[in-house]
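Enquirer: Mind folding the following:
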Amino acid sequence: MPLRPLGVVADFFHEGESPDAFASFGAGHVRRADCAGQAAEESTTNPVDTAEAIQVIGNKLPPLPEPATPPSDAVPTSKAATADTASLLQDLPGVNLSGAGGVSSLPVIHGMADDRVRTLVNGMDLTSSCPNHMNPALSYLDPRQVGEVQVYAGVTPVSVGGDSIGGSVVVEAEKPRFAAKNETLTEAEVGGFYRSNGHARGTHANATFATGQVSVRYDGAASESANYHAADDFKDFTETGRPGHTLPKDEVGSTAYEAINQSLSLALQQDIHLVELQASHQNIPFENFPNQRMDMTGNKSDQFNLRYTQEREWGQWRAQVFQEKTRHEMDFGDDKRFWYGAASAGGFPCSPIGMTCASGMPMETEGETLGVKLGSDIALTDQDVLRLGMEYVAYDLDDFWPPSGGMMSPGTFWNIRDGERDRYAVFAEWDATFSEQWQSSMGLRHELVRMDAGDAEGYNTSPMAMGNQYADMMAFNARNHQQTDENWDATFLVRFVPNANARYEVALAQKTRSPNLYERYTWSTWTMAAVMNNFVGDGNGYVGTVDLDPEEARTLSLSADWHDADQKRWQLTVTPYSTWVENYIDAVCNGVCVEDQFNVLRYTNQTARLYGVDVSGRVVLVDAAQAGSLTLSGLIDYTRGKNEDSKDDLYNIMPLNEKLMLTHSLGGWSNVFEAQHVSAKEDVSDVRNEIATKSYTLYNLRSRYEWQQVQLEVGVENLFDKFYSLPLGGAYVGQGTTMSINGVPWGIAVPGAGRSIYTALSISI
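Expert: Numbering: from 1, shown residues only. Next comes the predicted model:
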């Protein structure tokens with residue numbers, strides 16, 4: 001991760017914060033101590049303490065732009081009571097979650113999600129290797145492994161954002177800990193959680209052994225859940241397509257999962273050098289999806305990440321090499337079925353050419369990412385930092401579906417063969433402090449994106465193949481697949497601080513994103529194949545377009561921040577924004593589409609506009625030694641998205657929503673009462689036949705108690721068992737014969753969970 005722009009580091013590092021922020025500058029003067037080794041001898045915590053000690057004289061100015069981070073007490077979004085790392089972001093301004101599997105929610109920033117948001121996990125760019133994007137970047141990290149989270153909503157510095165237009169999410173694991181000189185350090189923690197709705201449960205453990213120069217850490221976490229239940233019946237059928245297997249009308253099918261994550265880290269430090277090596281392995285035996293027609297029946301991933309950091313008087317130099325390999329499998333889980341027996345229980349006939357019927361549809365994906373990054377942060381003066389960097393990220397993908405009988409035979413269906421997406425990037429960023437009132441940050445980034453794919457191949461390559469397999473295949477193979485995009489990003493931000501109680505910022509940016517492999521190279525218009533290519537969860541089928549142009553987004557963002565002089569008792573921030581997107585990748589009907597049912601769509605470039613406002617604030621109501629502290633905080637998010645060509649509303653835009661949290665802390669106790677209101681979603685995408693949702697209000701209670709080495713958490717989600725549908729949850733296709741595009745009912749939104757009581761316990765040794 002790059003140097004935090006225009007911030008001041010020194011002694012305000014908290015446990016788990018990034019040591020990369022070595023030489024940030026605020027409005028004040030910066031002095032460096034002359035003995036890095038002395039700090040190393042005294043440190044028993046973060047390796048940042050081994051760098052040169054930095055003394056700051058003057059005002060403490062936050063970075064520009066200042067990333068949002070979760071609340072420091074972590075009660076509103078407890079890491080101990082969830083297996084979904086993306087849920088740690090849900091209390092940040094401008095951020096919502098798009099529902100998917102139990103560990104695979106997608107962050108939505110100002111109406112943009114998935115590949116429009118750059119996600120860095122321990123500095124690695126990770127890509128979903130799945131036609132339904134069931135394995136997004138954050139799903140590879142268990143919440144208990146997270147040490148630091150930063151979100152750049154809207155305008156993102158070019159040093160932390162490329163090949164994205166919606167924002168950036170930066171997640172780092174716990175930083176290595178070292179012992180004092182001539183001593184050893186041993187630490188360990190074990191714990192678990194239980195959540196009543198779905199009987200979700202999980203365990204975690206970590207252990208550290210360290211000397212003054214060597215640190216070794218192990219992390220392991222496992223979690224699982226059955227289907228969760230809504231607060232009321234939301235469907236009028238119980239069938240799943242499997243004889244003898246039914247679901248109650250309030251049970252949300254295909255929401256069960258099981259996940260296991262493990263990692264081993266080795267860190268070496270010596271004087272100004274820090275080397276970190278991490279190996280991680282994920283095994284998800286299954287994860288079912290209520291808004292997808294298939295389920296994940298296996299996901300195995302191996303990651304190797306090597307990072308080197310060197311601190312100098314002039315700044316910092318860093319290098320990183322990483323590799324990630326994924327083997328992903330899909331088929332029908334317990335609540336879904338393609339067809340059964342000689343004549344489908346769901347109404348599907350067998351192949352008319354006499355082949356045997358299929359009982360499933362296995363799909364396999366192999367993805368590999370190789371990345372190399374070089375960067376430096378150069379202190380030009382006490383007020384100026386120049387940030388330079390180079391990145392190379394190569395991604396390879398094979399997406400193939402083995403034969404299983406019936407129409408899905410006799411050969412293998414190659415959805416994407418030999419897919420390649422290679423990025424070459426360079427950037428420069430200059431942060432400057434002109435006075436105690438004025439700061440600026442400007443950056444320029446260039447990316448060369450090269451993409452290609454091999455020839456397509458259907459299950460049946462004869463001219464008699466069903467579902468236009470032959471015609472689509474021949475048309476795709478007859479053309480050139482190679483595409484090269486040259487993308488430019490530029491940002492300019494300025495901050496004005498007139499006094500101790502106010503801060504104003506203006507940001508302008510151009511951001512560019514090239515299409516992903518599925519948007520360009522999925523080739524079959526055959527309904528059965530098209531519905532397998534859907535990463536937005538709307539139940540429709542999708543076909544790619546090779547000639548898609550990169551999305552170019554131009555954003556204007558304003559921000560006003562008012563606070564008390566010490567920024568401890570009250571704060572109010574208002575951030576309106578507007579984004580115009582040229583070549584926005586939206587969808588059009590592929591052939592004939594019908595209202596109030598699922599259809600096959602094709603990706604195409606159009607023009608879009610998104611605008612809205614984020615409001616966040618807090619005020620300390622009580623701060624007394626005997627009574628403790630009582631703080632009221634809140635968020636208001638409003639986003640509107642419009643396709644300027646078709647005049648249609650953009651898909652999956654979160655309606656107006658507000659959240660209030662009343663937090664009480666006294667000694668080891670922390671308690672939160674939370675109220676969340678979401679307005680009705682009425683502005684929906686017509687081309688996708690998006691489902692409208694009603695307004696709702698939820699109430700939650702959370703409590704945490706820390707006593708010596710023990711941390712206990714209890715809470716109640718959806719306190720009054722309110723029924724509601726998820727505005728960003730997509731269409732419910734979680735049970736039945738889902739391979740028939742309209743073999744399952746249209747018009748049912750995925751409901752949220754009913755009341756759930758949870759508890760979590762962690763013990764440090």
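Enquirer: just the helices in this protein please.
Expert: Using DSSP state H, the helices of the chain run over residues 36-42, 469-477, 517-521, 527-530.
Enquirer: Dump the ones you listed to JSON lines, plus distance to Glu174 and mean neighbour count.
Expert: Glycine gets a C-beta too; all of them are placed from N, C-alpha and C. Shown next, in JSON lines, are these (distance: least, CB to CB, whole Å; neighbours: other CB atoms under 10 Å):
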{"stretch": "helix 36-42", "distance to Glu174": "19", "mean neighbour count": "15"}
{"stretch": "helix 469-477", "distance to Glu174": "46", "mean neighbour count": "17"}
{"stretch": "helix 517-521", "distance to Glu174": "33", "mean neighbour count": "24"}
{"stretch": "helix 527-530", "distance to Glu174": "43", "mean neighbour count": "23"}
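Enquirer: Now Asp596. Nearest residue, chain neighbours left out?
Expert: Nearest residue to Asp596 in three dimensions, chain neighbours excluded: Trp746, at 5.9 Å (CB to CB, 6 or more residues apart in numbering).
Enquirer: my guess is that neighbour contacts Ala731, does it?
Expert: Yes - proximity of Trp746 to Ala731 meets the contact threshold set by CB atoms under 8 Å, at 7.2 Å.
Enquirer: Report the buried residues of the longest strand that the chain contains.
Expert: Identified as the longest strand of the chain according to DSSP state E is strand 600-624. Under the neighbour-count criterion of 16 or more other CB atoms under 10 Å, strand 600-624 has 600-606, 608, 610-618, 620 buried.
Enquirer: Without its sequence neighbours, what residue ends up closest to Val275?
Expert: Val275's closest residue in space is Leu268 (CB to CB, 6+ apart), at 4.6 Å.
Enquirer: ok, back up a step: give me the pLDDT value at the residue nearest to Asp596.
Expert: With respect to pLDDT, Trp746 scores 97.
Enquirer: now do Gln90
Expert: We note a pLDDT of 89 for Gln90 in this prediction.
Enquirer: picking up where we left off before, and Arg640, which of the helices of the chain is closest to it?
Expert: helix 517-521 (23.9 Å; CB to CB).
Enquirer: Remind me what the closest one packs against, helices and strands.
Expert: The helices and strands touching helix 517-521, judged by 3 or more CB pairs under 8 Å, 6 or more residues apart in numbering; DSSP states H and E, are strand 413-433.
Enquirer: May I see the buried residues of the strand it packs on?
Expert: By neighbour count on 16+ other CB under 10 Å, the buried set for strand 413-433 is 413-417, 419-423, 425-427, 429-433.
Enquirer: Report the contact partners of Trp669.
Expert: Neighbouring residues of Trp669 by CB atoms under 8 Å, 6 or more residues apart in numbering: 628, 703-705.
Enquirer: List buried residues within the residues you listed.
Expert: Applying 16+ other CB under 10 Å to the contacts of Trp669, the neighbour count classes 703-704 as buried.
Enquirer: would JSON lines of the contacts of Trp669 with pLDDT and distance to Leu380 be doable?
Expert: Formatted as JSON lines, these follow (pLDDT from 0 to 100; distance: CB to CB, whole Å):
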{"residue": "Gly628", "pLDDT": "93", "distance to Leu380": "46"}
{"residue": "Ser703", "pLDDT": "94", "distance to Leu380": "49"}
{"residue": "Arg704", "pLDDT": "92", "distance to Leu380": "45"}
{"residue": "Tyr705", "pLDDT": "94", "distance to Leu380": "49"}
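Enquirer: Save the contacts of Trp669 as a markdown table, and put in distance to Lys659 too.
Expert: Formatted as a markdown table, these follow (distance: CB to CB, whole Å):
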| residue | distance to Lys659 |
| --- | --- |
| Gly628 | 22 |
| Ser703 | 18 |
| Arg704 | 19 |
| Tyr705 | 24 |
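Enquirer: Who has more neighbours out of Trp746 and Ala731?
Expert: Taking other CB atoms under 10 Å, Trp746 and Ala731 do not tie; Ala731 has more neighbours (26 against 18).
Enquirer: ok, and the closest non-adjacent residue to the more buried one?
Expert: Closest to Ala731 by CB to CB, 6+ apart is Gly539, at 3.8 Å.
Enquirer: all strands of the stretch 51-200 of the chain, in order?
Expert: Under the criterion DSSP state E, counting those that start in this stretch, the stretch 51-200 of the chain contains strands at 54-57, 95-98, 106-109, 112-113, 117-121, 124-125, 146-153, 167-173, 185-195, 200-210.
Enquirer: Mean pLDDT lowest where, among the ones you listed?
Expert: Minimum mean pLDDT among the strands of the stretch 51-200 of the chain: strand 54-57, a mean of 36.
Enquirer: picking that back up, identify the contacts common to Trp746 and Ala731.
Expert: Joint contacts of Trp746 and Ala731 (CB under 8 Å, 6+ apart) are 539, 598.
Enquirer: that older thread, got JSON lines for the strands of the stretch 51-200 of the chain, with distance to Asp233 and mean neighbour count too?
Expert: Formatted as JSON lines, the strands of the stretch 51-200 of the chain follow (distance: least, CB to CB, whole Å; neighbours: other CB under 10 Å):
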{"stretch": "strand 54-57", "distance to Asp233": "60", "mean neighbour count": "15"}
{"stretch": "strand 95-98", "distance to Asp233": "25", "mean neighbour count": "22"}
{"stretch": "strand 106-109", "distance to Asp233": "28", "mean neighbour count": "26"}
{"stretch": "strand 112-113", "distance to Asp233": "30", "mean neighbour count": "26"}
{"stretch": "strand 117-121", "distance to Asp233": "35", "mean neighbour count": "23"}
{"stretch": "strand 124-125", "distance to Asp233": "43", "mean neighbour count": "22"}
{"stretch": "strand 146-153", "distance to Asp233": "37", "mean neighbour count": "21"}
{"stretch": "strand 167-173", "distance to Asp233": "36", "mean neighbour count": "25"}
{"stretch": "strand 185-195", "distance to Asp233": "22", "mean neighbour count": "17"}
{"stretch": "strand 200-210", "distance to Asp233": "22", "mean neighbour count": "19"}
